[in-house]
Every structure is written in C-alpha cells, then in structure tokens.
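J.: no FASTA, just this:
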C-alpha cells in the first residue's frame, strides 16, 4: 500500500454530528461498527487522504514526488467540512508527514513548542514545559495553536502553519480552567481564585454574619476558588470592622476587650474532607459512578471538632450531576456534626448537554434539570411540559429528515418557568438527606453566567454552551433536541 494513504491519528474531542458521519461513511460503502467518534474521524480522514493521493498519483510520478506534494491543509479543509464539533487532533501519515490541528472555535485546547531540534504539541502547556525543561525549553517558548489552524511537519523537514477553516472564532471551553486544567498551567490559578473572590459579595449578602462559619473546599481543584472567596470575605469583613471600630472610638466606647473581640471575629478556613484516591466521579463510567461516590470522601476527625454545631461553607468548582454531593459530601459533613451546609459553586448551573468533549449528554443526569422538572410537577405545570414534548417531537422528525435543519432551544422553555435562584434552592432541597437523623439544612449558591464570564476576563470569547445553551455551531442545538427527546422517551442514551 502507498504510504501516503495510511494514517495514525489521536484526538481529544467529540463530534456533534456523529449520526451524519456514519451516514456519510455508509454512502462511501463503508460499514461503521460503533458509535465512536474516533472511528468516524479515522475513516473520514483516511477517505480524504486517499482522494488527495489519487489526485497526485499518475504515470511516472514517484513516491517521493507524491509524498512531497501531499497537501495536508487541503485534506483537513475537506475533513473539517464533514466533521462538526470540538477537537484537538494529532496524527502522522505513512510517508512521515506529521501534523496537529484545532477546531475552528478553539473549544478544545492545544499548545505547541518549536525548536531547531523538535516540535511538540499537547493539550496543556504545563505538560510540555515539565517534559522538556531539561532541554532548555521555557514557558515563553510555548504557544497556543490558533483556532482552525493546522501545524504540519513534512517528512523532509519543511514546516507549515496554516488556517484550514473559512470561519474561525475563539470560544475555548470554560470548563478547562474551572476543572480540567492542571493548576500549574499559566493563568489557571489566578482564574480559579478570581472565580471564588467574585462570589464573596453574593455570599456575604445571602449569609450575613460568618463568625460561626468554617470555609472549606471539595474537591482539591476547588482550593484556589476557596482561597479567593475566603480572602475576599476577610476584606469585606475588615472594612466593616474598621467602620465599627471608628464608631466606637468616636462614641468613647472603644476599649481593649471590645477591640480584641472585633478583630478575632472571623470565619475559619479548614480542610474538612479527604479523598484517598484521585477519582473524578462525574466523568467516570455510569456503571461505576454510584459505587465510587459512596466512598469518595471521608471527614477529617481533627477538623470535624472545629465545625461541630457550626455552619460549613464548602466551595466546589462545579456541581454538575450532584451525585457526589448528594450521596457522600453532604452526608459525611452532616454525620461529622455540621448544623448547616452551604455549597458554593464557582461555576454556574450546568444545564445543557455538551457535545464537545465532555461526557455530558443526558439531561436527567444534570441536577439543575432534575430540579427544574421537580418544580414543574410541584407547581402543576405538567400541561406546559406536554406542549414542549410535542414541539420536541416535531423538531426531532425534522432533524432526522434534514441534516441542515436548525431547531429551537426548547430546554430553555423549561428553565424559563422559574428564576435562577428558585432552581438553586430546589437543588439544595434535592441533595438534602432525608433518610438520616439530621436536623440541619443545605443551601447551594451559584454565580450566574454573566458573573462567570466576568471572572474569566474573556468577554464573549468563551464556550458556555453547557451553561446557557448558546452553542457555537448548529450541531449543538440538534444534540440538545435529541437529548430532550430522549428524556421524554425515557431513553438513557447519548444524544450524539
């Protein structure tokens, strides 16, 4: 076989048009054996690579000539028109040409470094810096690959960096700095601290006096946000204390005892829970998740005595499915003696399926959606839900018949029945344990999407589809409608 027709490929990402991809493969006479995005990617890339080879091959054309003329930019342009979604791809062709590329919206991250001796690419800059620091590579040598671009290293050493997509837009996934990134990636620590700090005013307004409060975090990726929140709460309290001290001084009532009491009144910061193993329960396989969450965290005996009978403010980086929160975290803190548990999420409510690289495609898994549905039945809105169900079915029939049809976001119509705070309150109710002897209360506080964008300091250059349903391309809305129809049909399956 010709080397220019062979490809080895790897990807971080997902496609929103998996069904259309499999239909395309069948039209070529191929028989897809799975729902895997990697299969559709490999087959699609292989198909267009073969077409490129056939255009180059001809009488008297040597393998070296074909290899030299092979245009991977052109191949990727054709692949991109076929695949809709988010991806960071790396590959090597049989002739020795290697490449890496990033989706047109830059949803999935991809970084690279180029020296006279090597080129390397990875999803996180810290992976490159750590691995190659012994070779003299420094952080400033690492660059972010622009959206919709491909970097090619030809077998003969030529290098190309070119745009392959007609349309490019910067919409990186907001979940990367919130949860996935290693904390030593540039900007991640600062972003996470800012996400926490920006919640301080809301938390202080809702909770008031924090003197009887212990602030903590879960999981470890939430530590930076918890520190940011704690420091900003101390700043707010310090300003209030300064006013109180000045008032007492002016009235002649300030003495050493009162001054000491004022200055010593503040929330504590402690570690309340520990995890023995590095388990990310919300992205684990469904069949394993329930077993994992039951033992995910244990209380720390020495710190438990510090919050016994008090309020615990537990900072989470995000509350997506609520499984670990409901089945482990709340119960563990309650058994350890917390009288009130306030969960502060540094990320807004996750409301919509993500077809761009995170396994979040089933609506009923999202605790925000479950809360909204619970409120529907609690307030007698079943008739409105039935209307939305009929509209969802009509849209799904059009989606199945027309690959270009762009549906309306009908999930929004469910959420719009309630305020953001009403859904937050219901989430707190859902995760409150009812089968144990505990008289405490649970509250959940979220930022809204506008507040979250502000904390990222990126304006609209952020993919927040899972938060607000604003998908960067039509495939997302098609997946959303399929997910809603799956819910109404009680089907527990992926929507893409």
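T.: Thanks, I have it. It should be emphasised that the depicted structure is a prediction, and the values quoted were computed from it without experimental measurement. Numbering: from 1, shown residues only.
J.: And the nearest residue to residue 220 once chain neighbours are set aside, how far from residue 296?
T.: Distances taken as CB to CB, 6 or more residues apart in numbering place residue 275 nearest to residue 220, at 7.5 Å, with adjacent residues excluded. C-beta here means a position set from N, CA and C on the backbone, and glycine is covered the same way. When distances are taken as CB to CB, to the nearest Å, residue 275 and residue 296 turn out to be 6 Å apart.
J.: can you tell me which residues contact the residue nearest to residue 220?
T.: Each residue near residue 275 by CB atoms under 8 Å, 6 or more residues apart in numbering is listed here: 219, 220, 296, 297, 298.
J.: Quick one: residues contacting the fourth one.
T.: Right, residue 297. Going by CB under 8 Å, 6+ apart, residue 297 touches 218, 273, 274, 275, 324, 328, 329, 332.
J.: rerun that using 6 Å as the cut-off
T.: 273, 275, 328, 329, 332 (CB atoms under 6 Å, 6 or more residues apart in numbering).
J.: ok, for it, nearest residue in space, not its chain neighbours?
T.: In space, not counting the residues next to it along the chain, residue 297 is nearest to residue 273; the distance is 4.2 Å by CB to CB, 6+ apart.
J.: Enumerate the beta-bridge partners assigned to the one you found.
T.: Taking DSSP bridges, one finds residue 299 as the beta-bridge partners of residue 273.
J.: Counting neighbours, what do you get for it?
T.: Look at residue 273: counted by other CB atoms under 10 Å, it has 23 neighbours.
J.: for residue 421, same thing?
T.: Other residues near residue 421 number 12, with proximity taken as other CB under 10 Å.
J.: now residue 349
T.: Other residues lying near residue 349 total 28 when counted by other CB under 10 Å.
J.: nearest residue to the residue positioned nearest the centre of the chain other than its sequence neighbours?
T.: Using CA atoms, centre = their mean, the residue of the chain that lies closest to the mean C-alpha position is residue 175, 2.8 Å off. With CB to CB, 6+ apart as the criterion, residue 175 has its nearest non-adjacent residue at 6.4 Å, and that residue is residue 358.
J.: pretty sure the one you found is in a strand, no?
T.: No. Under DSSP: H, G, I helix; E, B strand; the rest coil, residue 358 falls outside any strand and is assigned coil.
J.: how much space between it and residue 80?
T.: According to CB to CB, residue 358 and residue 80 sit 21 Å apart.
J.: what's the host helix or strand of residue 486 packed up against?
T.: When secondary structure is defined using DSSP states H and E, the element that contains residue 486 is helix 474-488. Taking 3 or more CB pairs under 6 Å, 6 or more residues apart in numbering; DSSP states H and E as the contact definition, the neighbouring helices and strands of helix 474-488 are helix 382-401.
J.: Could I get the buried residue list for the helix it packs on?
T.: 385, 388, 389, 391, 392, 395, 396, 399 (16 or more other CB atoms under 10 Å).
J.: and of these, the nearest to residue 319?
T.: Distance ranking of those against residue 319, using CB to CB, places residue 385 first at 23.8 Å.
J.: Just confirm that closest one contacts residue 377, I think it does.
T.: No. At 8.4 Å, residue 385 does not count as touching residue 377 under the criterion of CB atoms under 6 Å.
J.: Could you check how far the residue lying closest to residue 355 once chain neighbours are set aside is from residue 249?
T.: Nearest residue to residue 355, sequence neighbours excluded (CB to CB, 6+ apart): residue 16, at 3.9 Å. Residue 16 sits 64 Å away from residue 249, going by CB to CB.
J.: Neighbour count: the two, which is higher?
T.: The residue with the greater number of neighbours, taking residue 16 and residue 249 and applying other CB under 10 Å, is residue 16; the counts read 30 against 11.
J.: In terms of pLDDT, where does the more buried one sit?
T.: Turning to residue 16, the model gives it a pLDDT of 87.
J.: so where is the stretch 251-400 of the chain shaky, pLDDT-wise?
T.: Applying pLDDT under 70 to the stretch 251-400 of the chain flags residues 276-292, 294, 357, 359.
J.: got the residue ranges for the strands in it?
T.: Counting by DSSP state E, counting those that start in this stretch, the stretch 251-400 of the chain has strands at residues 268-269, 273-274, 298-299, 311-316, 340-345.
J.: Pipe the ones you listed into TSV and attach distance to residue 29 per row.
T.: Rendered in TSV, the data for these read as follows (distance: least, CB to CB, whole Å):
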stretch	distance to residue 29
strand 268-269	63
strand 273-274	55
strand 298-299	56
strand 311-316	50
strand 340-345	49
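J.: Buried deepest among those strands, which one?
T.: strand 311-316 (a mean of 26; mean count of other CB atoms under 10 Å).
J.: Pull the residues that contact that one.
T.: Among residues not part of strand 311-316, those counted as contacts by CB under 6 Å, 6+ apart are 212-218, 222, 225-226, 229, 333, 338, 340-345.
J.: could you redo the last one with a cut-off of 7 Å?
T.: With contact meaning CB atoms under 7 Å, 6 or more residues apart in numbering, strand 311-316 is reached by 196, 212-218, 222, 225-226, 229, 272, 329, 333, 338-346.
J.: which of those count as buried?
T.: Applying 16+ other CB under 10 Å to the contacts of strand 311-316, the neighbour count classes 196, 213-218, 222, 225-226, 229, 272, 329, 333, 338-346 as buried.
J.: Pull out the buried residues from stretch 363-383.
T.: When burial is assessed from 16+ other CB under 10 Å, stretch 363-383 yields the following buried residues: 363, 365-373, 375-376, 381.
J.: Can you add distance to residue 165 and give those back as CSV?
T.: As requested, these are arranged in CSV below (distance: CB to CB, whole Å):
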residue, distance to residue 165
363, 30
365, 32
366, 31
367, 36
368, 33
369, 33
370, 37
371, 38
372, 36
373, 38
375, 41
376, 41
381, 43
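J.: Tell me how many other residues surround residue 92.
T.: If we define neighbours as other CB under 10 Å, then residue 92 has 17 of them.
J.: and it, that's in a helix?
T.: No. The assignment for residue 92 by three-state DSSP gives strand, which leaves it out of any helix.
J.: Quick check: chain neighbours aside, which residue is closest to it?
T.: If the residues on either side of it in the chain are set aside, residue 92 comes closest to residue 98, at 4.4 Å by CB to CB, 6+ apart.
J.: One more: residue 57?
T.: If you skip the residues right next to it in sequence, residue 57 has residue 66 as its closest partner in space, 5.9 Å away by CB to CB, 6+ apart.
J.: List phi and psi for the one you found.
T.: Geometry field for residue 66 lists phi and psi as phi -60, psi -40, criterion degrees, to the nearest 10.
J.: Residue 214 is in what secondary structure piece?
T.: Assignment of secondary structure by DSSP H and E places residue 214 within strand 213-217.
J.: same for that strand, what does it pack against?
T.: With contacts defined as 3 or more CB pairs under 7 Å, 6 or more residues apart in numbering; DSSP states H and E, strand 213-217 has these neighbours: helix 223-251, strand 268-269, strand 311-316.
J.: mind checking which of those is nearest residue 27?
T.: The stretch from these with the least distance to residue 27 (CB to CB) is strand 311-316; that distance is 45.9 Å.
J.: Show me how far the closest one is from its chain's centre.
T.: Distance, stretch centre to chain centre, for strand 311-316: 21 Å (CA atoms, centre = their mean, to the nearest Å).
J.: Good, we can wrap up now.
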